[in-house]
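S.K.: Whatever this is, show me its structure:
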Amino acid sequence: MQLTKFTDYSLRVLIYLAHLPEGKALATIADISRDYEIPATHLMKVVHRLGQRGYIVTVRGKGGGMRLAKPPELINVGELIRDTEDNIDLVECFSSTKQDCPLLPACALKNVLLEARKSFLATLDFYSLSDIMGLKTPVRSHAVHLIAAPVSRKKKAAA
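M.R.: Residues are numbered from 1 along each chain as shown. Sure, this is the predicted structure:
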């Protein structure tokens, strides 16, 4: 599964806003566009959606800009993905309107892919914006790394 640029840019905007210093309460589309080299026209759409969905607060006028609407710990990555991806169907048979696949009546692949999508989103649900800001290692990621780390033969022999 590949996330759209819209979702990628949404994540970048939120990470940018989460890193704002205490003294600078607002950032502008121009700031993010310049720093991340993203076209401002794309960011306008992203910022609009993030504002609609309650992730950010926008302030109009001179000295205006945007900031997070809630602390990074309260912004769930899985929820954000669902809010920014218009279509997370892995294959056409997931769609309720497009059922053209001739394998559909007897195909077991659909159930496997549905389970995979559910697992993908469940993993993302485990993380908040604060986990992906680069300030700390997410607990789950660190634990998986420790479990999956290979043990050298020298260490095994010494144990």
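
S.K.: gap between the top helix by length along the chain and the chain center?
M.R.: As assigned by DSSP state H, the longest helix anywhere in the chain is helix 109-125. Offset of helix 109-125 from its chain centre (C-alpha atoms, centre = their mean, to the nearest Å): 16 Å.

S.K.: what helices or strands is it leaning on?
M.R.: Counting contacts by 3 or more C-beta pairs under 8 Å, 6 or more residues apart in numbering; DSSP states H and E, helix 109-125 packs against helix 77-84. For the C-beta atoms, the positions are set from N, CA and C on the backbone; glycine is no exception.

S.K.: Show me what the helix it packs on is in contact with.
M.R.: For helix 77-84, the surrounding residues in contact (C-beta atoms under 8 Å, 6 or more residues apart in numbering) are 3-4, 6-7, 10-11, 14, 46, 49, 53, 55, 88, 121-129, 131-132.

S.K.: at 7 Å instead, please
M.R.: For helix 77-84, the surrounding residues in contact (C-beta atoms under 7 Å, 6 or more residues apart in numbering) are 3, 6-7, 10, 49, 53, 55, 121, 124-125, 127-129, 132.

S.K.: Only whichever of these are buried, select them in PyMOL.
M.R.: Buried residues among the contacts of helix 77-84 (16 or more other C-beta atoms under 10 Å), as a PyMOL selection:
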select buried, resi 7+10+49+55+121+124+127+128+129+132
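
S.K.: In this structure, what residue spans correspond to strands?
M.R.: Using DSSP state E, the strands found in the chain span residues 56-59, 65-68.

S.K.: For Cys107, find the nearest of those.
M.R.: For the strands of the chain, the distance to Cys107 is smallest for strand 56-59, at 41.5 Å, taking C-beta to C-beta.
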